[in-house]
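Engineer: Got a sequence here, can you model it:
(2 chains)
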Amino acid sequence: MNQLFDARRWWLLVRKHWSENKKKYTLSLVAIAGLLLLWFILKISSEPGSIGIELQINTYYSGLFIVGCLYASMLFADLGSRTRGLNYMVVPASQLEKLLCSLFYGVVVFVVCYTAIFYMVDMIAVKAGNAIAYNRWLKGHSAGDIFVPGKVYNVFSSPDHHANHPGFVFYLLLCYFALQAAFIYGSLFFPKFSFIKTVIALLLIGVCISFFIAKVIAHILPPGNYQHDLTSYEVFTVKPTASGDGVMIYNDPASDKLITLPEWIGDVLVFLLKYAFAPLFWLATYYRLKEKEI
Amino acid sequence: MIDIQNLHFAYRKKPVFTGLSLQLQPGHIYGLLGKNGTGKSTLLRNIAGLLFPDKGKIEVLGFIPGRRQPAFLQEVFMVPEEFFLPDTPLWHLVEYHAPFYPKFNKAQFEQYIAAFEIPAGSTLQNMSYGQKKKVLISFGLASNASMLLMDEPTNGLDIMSKSQFRKVMAGALNENKCIVISTHQVKDLENLIDRITIIDEGKILFDQTVEAISRKLNFQISFDSEEIKQSLYNESSLRGSAIITANTEGEESKLDLELLYKAIVLNGAAVTAVFKH
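Structural biologist: Numbering: from 1, shown residues only, chains lettered A, B, ... in the order given. Coordinates of the predicted model:
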């Protein structure tokens, strides 16, 4: 018997998790559907007309980020309670299987169900929006006007106004998975009020990084500017003043020096920024779970 | 089966165990007795792998509990004092939880549930705390795990249920199983446990089999003031004085666990000295 991962045991965990949480999950999905519907109703009433692609995409991703992170911060909430935590820990499955079961529900099942719910509500909202817009068009259109109904858009393809950034939606999804992974880790790291504490921790980390870049790095580096990305840096020209009692710093492409890191470093950095955050947080969650004491 | 060597454990800066060593063998029901806060539950949680020792070694069935390997977890079942059971129908436990325990026996589970008078088709949500506890005990016994750890199992059980518990437990032991019952309600365990371990201040105060206790100590009611004075422990009661004396004549007497416990806590040195002869 493999002590690290066994597909049968993992499947047993998945079944057990579902049998214990199906009521809660079903009610949550109904609540999400209700909130999305309410949001679309509010939008249609305030701005009568067809529902455009921007509203659909903004709604989808705002909901995904908010609900996804909220749900992620509850994934290991059981471990914040001694009785529930003990019940969780003593189940004969490895920590990896337990983590993968949580990720299966928190990452895969959640995104699939949320997307299905969103489209269900979106279709209703688009039809309702079209009906209202059509009635208005009937009352007020002039000769030659054509009624263009709104349609249900694919939220996974970039809208036209992001044509210059074809990977916009893809990066948004990567951002979501990285952020959600941080909240999953937070749910284990902070036994109580994990959502709020994770938000505060992420803000603090953000402030620290900004401070480090703006104050510490800026003081270490000579006067200059980053070019395009963080892998090339233009060092400004420094010359003594005419009086000889100081220096002048100025940007002159002819005499400035450009320091460029090897291309592969840039590629590795970009790859890590794009794909490494979520797996790193999952890995940290795994080790945290292994160390967890009840 | 359980080998604890030089266990050190502390909650932050409050030490609980400072060098505890203990060996437990299969085929016995061990009674782990002690005052509140002496570390009984902490010891059980260390054995179950829920807490990690700061120093020392714990080995259970050849496993290091802290690694929480599935093969270890399916051989150890814990009935904690405070527990959680999901609000699901009873049969869900058998359908979704039991498959994790390869030796789980459904017929046994149903038999224990019947013995505890739990309606078979009921839902855990509608059960009282005591009923839920009986379900958990039944599940633990039916899991046929080699190691059953019970923390205050009779807390929350009514008088009839305590009697049912003793009956069920007595029939559940076999030569491959080791049952450790931690409690401060010593009366509930009389006639059930066959080895008594008393811990106090994180140390083993007393560790003897019931057989050895019966051989070495005599429990009786006495009116003889001289005998009372010379006893290892005495306690006045309406019927005279309950005393413990050294059993030098090989007499048979009924073990009074509560009296023994008090004797160990209040006059431990004298009592343990009897076992050294």
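Engineer: hang on, residue B:5 in a strand?
Structural biologist: Yes. Assessed by DSSP: H, G, I helix; E, B strand; the rest coil, residue B:5 belongs to a strand.
Engineer: does it have beta-bridge partners, and which?
Structural biologist: Beta-bridge partners for residue B:5, by DSSP bridges, are residue B:57.
Engineer: For it, give me its contacts.
Structural biologist: By CB atoms under 8 Å, 6 or more residues apart in numbering or on different chains, the residues touching residue B:5 are B:21, B:56, B:57, B:58. C-betas here are computed from N, CA, C, even on glycine.
Engineer: cool, and residue B:89?
Structural biologist: Residue B:89 neighbours (CB under 8 Å, 6+ apart): B:121, B:122, B:123, B:124.
Engineer: now do 6 Å
Structural biologist: Shown in contact with residue B:89 (CB atoms under 6 Å, 6 or more residues apart in numbering or on different chains): residue B:123.
Engineer: per-residue confidence at it?
Structural biologist: Residue B:89 carries a pLDDT value of 92.
Engineer: so what's it bridging to?
Structural biologist: residue B:123.
Engineer: Of the contacts of residue B:5, which pair is most distant in space?
Structural biologist: B:21 and B:58 (10.4 Å; CB to CB).
Engineer: Next, show the common contact partners of the two.
Structural biologist: residue B:4.
Engineer: Give me the more crowded residue out of those two.
Structural biologist: Counted by other CB atoms under 10 Å in any protein chain shown, residue B:21 and residue B:58 do not tie: residue B:58 has more neighbours, with 24 against 14.
Engineer: roughly how far apart are the nearest residue to the more buried one once chain neighbours are set aside and chain A?
Structural biologist: Excluding the flanking residues, the one nearest residue B:58 by CB to CB, 6 or more residues apart in numbering or on different chains is residue B:4, at 5.2 Å. Separation of residue B:4 from chain A (CB to the nearest CB, to the nearest Å): 17 Å.
Engineer: Let's verify residue 78: helix, strand, or coil?
Structural biologist: Defaulting to chain A. Residue A:78 ends up helix, using three-state DSSP.
Engineer: that's the other chain; I wanted chain B
Structural biologist: strand.
Engineer: Can you give me the neighbour number for residue A:244?
Structural biologist: Residue A:244: 7 surrounding residues under other CB under 10 Å.
Engineer: How is it assigned, secondary-structure-wise?
Structural biologist: Counting by three-state DSSP, the backbone at residue A:244 sits in coil.
Engineer: The one 4 residues further on too?
Structural biologist: Using three-state DSSP, the three-state assignment for residue A:248 comes out as strand.
Engineer: List the contacts of residue 219.
Structural biologist: I went with chain A, as the question did not name one. Residues counted as contacts of residue A:219 (CB under 6 Å, 6+ apart): none.
Engineer: my question was about chain B
Structural biologist: With CB under 6 Å, 6+ apart, residue B:219 has these contacts: B:244, B:253, B:256.
Engineer: For it, what are phi and psi?
Structural biologist: phi -110, psi 120 (degrees, to the nearest 10).
Engineer: now do residue B:208
Structural biologist: phi -140, psi 160.
Engineer: who's it bridged to?
Structural biologist: For residue B:208, the beta-bridge partners are residue B:196 (DSSP bridges).
Engineer: how close does the residue nearest to residue B:58 get to residue A:90?
Structural biologist: 19 Å (CB to CB, to the nearest Å).
Engineer: do residue B:114 as well
Structural biologist: On the measure of CB to CB, residue B:114 and residue A:90 end up 25 Å apart.
Engineer: Residue B:103 contacts residue B:142, correct?
Structural biologist: No. With contacts counted by CB atoms under 6 Å, residue B:103 stays clear of residue B:142, the gap being 9.0 Å.
Engineer: Just the closest of the contacts of residue B:5 to chain A, please.
Structural biologist: Of all the contacts of residue B:5, residue B:58 has the smallest distance to chain A: 13.7 Å, by CB to the nearest CB.
Engineer: Restricting to C-alpha, output stretch B:244-252 in CSV.
Structural biologist: The C-alpha trace of stretch B:244-252 is given here as CSV (Å, rounded to 0.1, in the frame of the first residue of the first chain):
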residue,chain,number,x,y,z
ILE,B,244,-6.2,-0.7,51.9
THR,B,245,-3.7,-2.9,53.5
ALA,B,246,-0.8,-5.1,52.2
ASN,B,247,-2.1,-8.5,51.3
THR,B,248,0.2,-10.6,53.3
GLU,B,249,-2.2,-13.6,53.8
GLY,B,250,-3.1,-14.0,50.2
GLU,B,251,-6.7,-13.1,50.8
GLU,B,252,-9.1,-12.3,48.0
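Engineer: ok so, going back, who are the contact partners of the residue nearest to residue B:58?
Structural biologist: Going by CB under 6 Å, 6+ apart, residue B:4 touches B:21, B:22, B:58.
Engineer: let's see 10 Å
Structural biologist: Residues in contact with residue B:4 (CB atoms under 10 Å, 6 or more residues apart in numbering or on different chains) are B:17, B:20-24, B:43, B:46-47, B:53, B:56-60, B:204.
Engineer: Looking at residue B:103 and residue B:142, which one has more neighbours?
Structural biologist: Ranked by neighbour count (other CB under 10 Å), residue B:103 and residue B:142 place residue B:142 first, with 25 against 13.
Engineer: Where does the nearest residue to the more buried one once chain neighbours are set aside fall, secondary structure wise?
Structural biologist: Excluding the flanking residues, the one nearest residue B:142 by CB to CB, 6+ apart is residue B:109, at 3.6 Å. Counting by DSSP states H and E, the element that carries residue B:109 is helix B:106-115.
Engineer: near chain A too, which of the contacts of residue B:219?
Structural biologist: Here nothing survives when the contacts of residue B:219 are matched to chain A using CB under 10 Å from any CB of the partner chain.
Engineer: got a winner among those residues for most neighbours?
Structural biologist: Busiest of the contacts of residue B:219 [other CB under 10 Å] is residue B:244, holding 27 neighbours.
Engineer: rewinding a little: can you count the residues close to the residue nearest to residue B:142?
Structural biologist: As a measure of burial, residue B:109 has 21 neighbours, counting by other CB under 10 Å.
Engineer: Could you pull up the residues touching it?
Structural biologist: Applying CB under 10 Å, 6+ apart, the residues near residue B:109 are B:90, B:93, B:94, B:98, B:135, B:138, B:139, B:140, B:141, B:142, B:143.
Engineer: what's the neighbour count on residue 207?
Structural biologist: Looking at chain A here, since you left the chain open. The burial count for residue A:207: 10, using other CB under 10 Å.
Engineer: The chain in question should be chain B.
Structural biologist: There are 18 residues near residue B:207, going by other CB under 10 Å.
Engineer: Could you chop the chain up by domain?
Structural biologist: Since no chain was named, I'll use chain A. A:7-216, A:221-261 (automatic domain parsing).
Engineer: Actually, chain B is the one I wanted.
Structural biologist: Split by automatic domain parsing, chain B gives B:2-201, B:210-276.
Engineer: circling back to that earlier point, just give me the least confident of the contacts of residue B:5.
Structural biologist: Of all the contacts of residue B:5, residue B:21 has the smallest pLDDT value, namely 93.
Engineer: In the stretch 101-250 of chain B, what residue comes closest to chain A?
Structural biologist: Closest point on the stretch 101-250 of chain B to chain A, by CB to the nearest CB, is residue B:101, at 6.7 Å.
Engineer: name the element the residue of the stretch 151-294 of chain A found nearest chain B belongs to?
Structural biologist: For the stretch 151-294 of chain A and chain B, the shortest gap (CB to the nearest CB) falls at residue A:294, measuring 4.5 Å. Using DSSP H and E, residue A:294 maps to neither a helix nor a strand.
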